[in-house]
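*Asks:* no sequence for this one, just the structure:
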Ligand code: FAQ
């Protein structure tokens, strides 16, 4: 019966046994995962755009090759995640179309522009750094296909974070102009990166249920704190500062304290009114339309093959 299935599911969650694609699961669990994994997949592919903006203008061939590899990795992450979402019974095309129609979200961070090369280093260091803190926790998510995708993604993401830090180290050791560019990029990205972890726990509608289901293992605020604690020593090693006068070490707590996030900014960006929301969706819609001939060609080729096989 339904009650027995539910009991079996609850027992597995309690015992930390992964839920697999063909297992019974409550419909709300399935829908919540499609929402989160789908948004995560969209973030990976939209996240290619701000960095791709600098591929043709990378300062050296080495930096260009590294950035190209990183951007390609993000496409791969999108593909693993769309596949993980599909194991839950949704269609990739359906959730992709919802993203194009503005009916599904992607991470707020990709609605900020990349104005210069320093932004690319800062994205690798801070954006991928934040993504890792969030995704390491998701390696233990209760849904097996999602957790396993995260393991591979985290390995690649950790290379991304290091290439970003290596790029910002070069700028921090460079001229005064380079140091000023780097500081400006940090000043613009610092707060939006803290917003990547989502609303505060008090204002996070999905958290309680996602924690009970062990999809989320740590709350938004816990992960944000972990990121700040990890990152401030790296900031100091660069000789740079954060645009937050409230950022101080709290010896008793063993954590950095930081100022209040401007939640109205996060809400505006999530609602589609960030600096680049329109541009990002336009770029993806154009790519989808411009790629129609490839899809049509592939379908015609498959139909021809099927006909000749018959
Ligand atoms: N942006 O109740 P909660 C990357 C939405 S890293 C936009 O707290 P939840 C790597 C949220 O969806 C970035 N929307 O929700 C990379 C919900 O809306 P809904 C991607 C946000 O799910 C680097 C509502 O607010 N990583 O791509 C944001 O429990 C460089 C209420 O929020 C992931 O997606 C936001 N920042 O917790 C790629 C990680 N925050 O659905 C390229 C997986 C919240 O009700 C280049 N996701 N919202 O309409 C998660 O861990 C979770 O979904 C959270 C949000 C923590 C993001």
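*Replies:* Right, received. Where do you want to start? Keep in mind the model is a prediction, meaning the values are calculated, not measured. Numbering: from 1, shown residues only.
*Asks:* rest of the way, CA atoms for contacts and neighbours
*Replies:* Noted.
*Asks:* how far does stretch 211-220 sit from the chain's center?
*Replies:* Averaged C-alpha coordinates place stretch 211-220 at 17 Å from its chain's average position (CA atoms, centre = their mean, to the nearest Å).
*Asks:* Just the buried positions in the helix ranked longest in the chain, please.
*Replies:* Secondary structure of the chain per DSSP state H: the longest helix is helix 144-172. Neighbour counts over helix 144-172 (16 or more other CA atoms under 10 Å) mark 144-151, 153-154, 156-158, 160-165, 167-169, 171-172 as buried.
*Asks:* swap in stretch 88-105?
*Replies:* Neighbour-count burial for stretch 88-105 flags 88, 90, 92, 95-96, 99-100, 104-105 (criterion: 16+ other CA under 10 Å).
*Asks:* so which of the buried residues of helix 144-172 also contact the ligand?
*Replies:* Of the residues in the buried residues of helix 144-172, proximity to the ligand by CA under 6 Å from any ligand atom holds for none.
*Asks:* circling back to that earlier point, let me see the mean pLDDT of the longest helix of the chain.
*Replies:* Helix 144-172 shows a mean pLDDT of 97.
*Asks:* and the helix or strand following it, what other elements does it pack with?
*Replies:* Using DSSP states H and E, the helix or strand that follows helix 144-172 in sequence is helix 176-195. Applying 3 or more CA pairs under 8 Å, 6 or more residues apart in numbering; DSSP states H and E, we find helix 176-195 packed against helix 117-122, helix 144-172.
*Asks:* who in the stretch 101-250 of the chain is up against the ligand?
*Replies:* With CA under 6 Å from any ligand atom as the criterion, the stretch 101-250 of the chain meets the ligand at residues 105-108, 127-128, 131, 134, 195-199, 204-207, 220.
*Asks:* What subset of those residues is buried?
*Replies:* 105-108, 127-128, 131, 134, 195-199, 207, 220.
*Asks:* Can you read off the pLDDT for the spatially closest residue to residue 52 that is not a sequence neighbour?
*Replies:* Of all residues beyond its chain neighbours, the one nearest residue 52 is residue 71 (6.9 Å), with distances taken as CA to CA, 6 or more residues apart in numbering. The model reports residue 71 with a pLDDT of 97.
*Asks:* Any residue of the stretch of helix or strand residue 71 belongs to touching the ligand?
*Replies:* Applying DSSP H and E as the criterion places residue 71 in helix 61-86. Yes: Helix 61-86 comes into contact with the ligand (CA under 6 Å from any ligand atom), by way of residue 74.
*Asks:* Also stretch 256-264?
*Replies:* No: Stretch 256-264 does not reach the ligand (CA under 6 Å from any ligand atom); its nearest approach is 10.7 Å.
*Asks:* re earlier: which ones among the buried residues of stretch 88-105 map onto strands?
*Replies:* Members of those lying in strands (criterion: DSSP state E): none.
*Asks:* farthest pair in the residues you listed?
*Replies:* Of all pairs drawn from these, the widest gap by CA to CA lies between 88 and 100 and measures 20.7 Å.
*Asks:* Report how many residues lie close to residue 40.
*Replies:* When neighbours are defined as other CA atoms under 10 Å, residue 40 has 20 of them.
*Asks:* Could you pull out the strands in the stretch 201-310 of the chain for me?
*Replies:* Along the stretch 201-310 of the chain, counting by DSSP state E, counting those that start in this stretch, strands occupy 248-250, 255-257.
*Asks:* Mind listing the strands the last one pairs with, and their directions?
*Replies:* Taking DSSP bridges as the criterion, strand 255-257 forms sheet pairs with strand 248-250 (antiparallel).
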